[in-house]
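K.L.:
what follows is a protein structure lacking sequence information:
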């Protein structure tokens with residue numbers, strides 16, 4: 001992709017990351033009025049600049065971003081906004097970018113969760129619950145054993161950590 005198009009896509013990405021992180025921190029939501037236009041811009045811009053190969057990469061990025069967190073959403077550990085957030089990034093930057101950035105973001109989010117659980121003196125009980133839930137899943141093959149209890153959950157604005165992962169990946173490939 002030519003340099004100007006890359007700069008434009010990166011500007012859209014940074015605005016999207018900042019806006020989504022802000023709303024996740026302030027309102028605990030990633031709004032569709034931010035996510036959906038980003039998806040349309042990503043698909044349209046990549047198709048306009050690179051034709052069908054650009055559209056294909058954008059759609060593959062959408063699918064990868066969506067699937068990256070969809071299982072966690074089904075289990076109750078993620079909000080739908082986080083899933084759509086990742087899908088939107090995939091349309092902008094493609095499959096490879098969203099997978100690697102999501103991986104880094106998951107590391108940031110996991111570290112933050114460990115720090116919060118440790119600070120609240122809840123790390124060991126949580127690890128025990130996870131262990132027994134996984135053991136139950138393996139033994140009885142019931143996915144319900146992995147469901148999160150939202151009443152006892154600590155809220156972390158996960159979009160912030162995913163955004164940090166995207167920024168880190170952007171800096172690495174720069």
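P.N.:
Nice, I can see it. This one's a predicted model, so the numbers in the text were calculated from it and none came from an experiment. Numbers count the residues shown, from 1 in each chain.
K.L.:
how far is the lowest-mean-pLDDT helix or strand in the chain from where the chain is centred?
P.N.:
Taking mean pLDDT, DSSP states H and E as the measure, the helix or strand of the chain with the lowest value is helix 123-140, at a mean of 76. Centroid separation between helix 123-140 and its chain, computed with CA atoms, centre = their mean, to the nearest Å, is 24 Å.
K.L.:
what's around residue 124, how many residues?
P.N.:
Look at residue 124: counted by other CB atoms under 10 Å, it has 10 neighbours. The way it works is simple: take the backbone N, C-alpha and C, and place the C-beta from them, glycine included.
K.L.:
what's the closest non-adjacent residue to the most centrally placed residue in the chain?
P.N.:
Nearest to the geometric centre of the chain sits residue 86, at 4.3 Å (CA atoms, centre = their mean). Counting by CB to CB, 6 or more residues apart in numbering, residue 86 lies nearest to residue 65, which is 3.5 Å off, once chain neighbours are set aside.
K.L.:
how many neighbours does that neighbour have?
P.N.:
Residue 65 sits with 30 neighbouring residues when counted by other CB under 10 Å.
K.L.:
what's the first helix or strand after the lengthiest helix in the chain?
P.N.:
Using DSSP state H, we find that the single longest helix of the chain is helix 32-74. Beyond helix 32-74 in the direction of the C-terminus, DSSP states H and E gives the next helix or strand as helix 80-93.
K.L.:
okay, buried residues for that following helix please.
P.N.:
Within helix 80-93, the residues that qualify as buried by neighbour count (16 or more other CB atoms under 10 Å) are 81-93.
K.L.:
same check, this time on stretch 104-118
P.N.:
Along stretch 104-118, these residues count as buried under the neighbour rule (16+ other CB under 10 Å): 104, 105, 106, 108, 109, 112, 113, 117.
K.L.:
quick check: which element contains the fifth one?
P.N.:
With secondary structure defined by DSSP H and E, residue 109 is part of helix 95-119.
K.L.:
what's the angle from that helix to helix 123-140?
P.N.:
Going by axes from the mean of the first three to the mean of the last three CA atoms, to 10 degrees, helix 95-119 is angled at 120 degrees with respect to helix 123-140.
K.L.:
before we move on, the earlier item: which one of the buried residues of helix 80-93 sits closest to residue 60?
P.N.:
Using CB to CB, residue 90 is the member of those that sits closest to residue 60, with 7.5 Å.
K.L.:
residues in contact with the closest one?
P.N.:
42, 58, 60, 61, 62, 63, 64, 65, 66, 97, 98 (CB atoms under 8 Å, 6 or more residues apart in numbering).
K.L.:
switch to 6 Å and redo it
P.N.:
With contact set as CB atoms under 6 Å, 6 or more residues apart in numbering, residue 90 has these partners: 61, 62, 64, 65, 98.
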